[in-house]
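model this:
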Amino acid sequence: MSDEYEHVVVENLPDAPNPTRHKKEVDEAVGATEFGFNLIVADPGEQVPWGYHYHPNHEELLYVLEGYLTVETAEGEHRVDAGEAFFVPAGAPQRAVAGEDGCRLVAAGAPKAADGAVLEEECPECNAATDRDFAVEETDETTVYVLSCQACGAETDRLTPGPS
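Numbers count the residues shown, from 1 in each chain. Below you'll find the predicted structure:
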């Protein structure tokens with residue numbers, strides 16, 4: 001077998017910091033450089049993975065394996081059931097939320113180098129609709145992403161790996 005091939009057991013991968021029960025960054029584990037590929041398990045009502053956002057130069061495909069996902073877009077809400085896929089073009093805003101029984105899905109996107117997201121949610125402190133800055137806090141046990149409002153600096157969320 002060539003050293004270029006990678007084989008991983010997805011369920012054994014560590015969770016990445018996010019607001020869902022599990023986010024397995026398969027692309028990172030195998031060293032993919034051209035596309036993103038994540039397995040996400042979300043409990044009922046959890047956002048997948050951030051809030052209302054868009055990727056300026058990155059296309060995204062959400063494929064639901066179990067349960068359903070509700071995707072809010074500028075055109076309205078779309079229900080995506082198990083066995084269905086939902087394509088989000090570059091620059092198109094969306095927010096996805098797990099259905100009443102939760103869901104399991106694959107989120108894939110390209111180009112990988114352009115996967116940065118712009119969050120467009122109202123800050124609970126100053127009410128400005130701004131993007132979020134994030135800082136990384138490392139401890140011996142975990143990595144936490146701390147999101148804050150770009151307008152006022154108020155902390156808006158803390159994303160941890162796996163169950164909170």
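
from here on, contacts and neighbour counts on C-alpha atoms
OK.

so how far is the helix or strand hosting Leu159 from its chain's centroid?
Leu159 is located in strand 155-161, with elements delineated by DSSP states H and E. Relative to the centre of its chain, strand 155-161 is centred 13 Å away, using C-alpha atoms, centre = their mean, to the nearest Å.

so what touches that strand?
Strand 155-161 is contacted by residues 14-19, 21-23, 123-124, 142-149 when judged by C-alpha atoms under 8 Å, 6 or more residues apart in numbering.

these, buried ones only, as a PyMOL selection?
A single PyMOL command is used to select the members of the contacts of strand 155-161 judged buried by 16 or more other C-alpha atoms under 10 Å:
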select buried, resi 15+16+17+18+19+21+22+23+123+143+144+145+146+147+148+149
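
you'd agree Ala29 is in a strand?
No: under DSSP: H, G, I helix; E, B strand; the rest coil, Ala29 falls outside any strand and is assigned helix.

now the helices for the protein?
Using DSSP state H, the helices found in the chain span residues 26-30.

so where do the strands sit in it?
For the chain, the strands defined by DSSP state E cover 17-18, 22-25, 36-42, 47-54, 59-73, 76-81, 85-88, 94-110, 118-119, 121-122, 129-130, 132-138, 143-149, 155-161.

next one: the residue most central in space within the chain from Ala92, what distance?
Central residue of the chain (C-alpha atoms, centre = their mean): Pro49, 2.9 Å from the mean position. Separation of Pro49 from Ala92 (C-alpha to C-alpha, to the nearest Å): 16 Å.
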